[in-house]
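Trainee: Predicted coordinates and the sequence they were generated for:
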Amino acid sequence: MNPHQPGWTSRWHSTSLRVRYQETDQMGVVYHANYLIWFECGRTEMFRELGFDYRRLESLGLLLPVTSADLQFKSPARYDDLITVYARLTTFSALRVVYEYEIRRVAAGSEGEESGTVKAHPADSGTLPGELLVSGSTSHVWLNGEWKPVRIDRAQPELFVAILAALQEE
């Protein structure tokens, strides 16, 4: 599918980690703000899998801050759980980017334990392994080094074309 078509989404990408003790609260569950940190891990690793990284963006004078975040909590993660952060793009344009996430508890040795691109259909989260804990999204805008909105297709046309090509190859 083409990122410019309505209803387009990229493939799910996965990043796995184990819940550390310091990420839990007095109730023995993961403190809610940590899920936002895990969203960031998911999106930066997804971007890296596509062949890019945020350090490169910043060296080119581009920033991609979060402008909104939405989380829906279904079930808590607990200390020592193996979780997988699934991330995919639902919007990629010259002005903004929107990511969608699912954080799932997976059993050791299961399909979701390894990081990488998930073979699930892009539109079907029902095929992702593990128990859904949190779902959500983040929206981002392209900014220049002075924190002014910028169109990436004008500021860095080669990068824009390269990212589009990587997304279309999925």
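Mentor: Now that the structure is in, tell me what you want to look at.

Trainee: now the strands: where do they sit in the chain?
Mentor: Counting by DSSP state E, one finds strands in the chain at the ranges 13-18, 62-63, 66-73, 82-92, 96-105, 116-117, 131-141, 143-144.

Trainee: out of those strands, nearest to residue 159?
Mentor: Closest of the strands of the chain to residue 159 is strand 62-63, at 7.7 Å (criterion: C-beta to C-beta). C-beta here means a position set from N, CA and C on the backbone, and glycine is covered the same way.

Trainee: which residues touch the closest one?
Mentor: 57, 142, 143, 144, 145, 147, 150, 152, 155, 156, 159 (C-beta atoms under 8 Å, 6 or more residues apart in numbering).

Trainee: rewinding a little: which of the strands of the chain has the lowest mean pLDDT?
Mentor: Mean pLDDT per stretch puts strand 116-117 lowest among the strands of the chain, at a mean of 53.

Trainee: Show me how to select, in ChimeraX, the buried members of the contacts of strand 62-63.
Mentor: Filtering the contacts of strand 62-63 down to the buried ones (16 or more other C-beta atoms under 10 Å) takes a single ChimeraX command:
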select :57,142,143,150,152,155,156,159
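
Trainee: Inside helices: which ones of the contacts of strand 62-63?
Mentor: Using DSSP state H, the members of the contacts of strand 62-63 that fall in helices are 57, 152, 155, 159.

Trainee: Make CSV out of these and add distance to residue 14 and pLDDT.
Mentor: As requested, the ones in helices among the contacts of strand 62-63 are exported to CSV (distance: C-beta to C-beta, whole Å; pLDDT from 0 to 100):
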residue, distance to residue 14, pLDDT
57, 22, 91
152, 26, 96
155, 31, 95
159, 25, 92
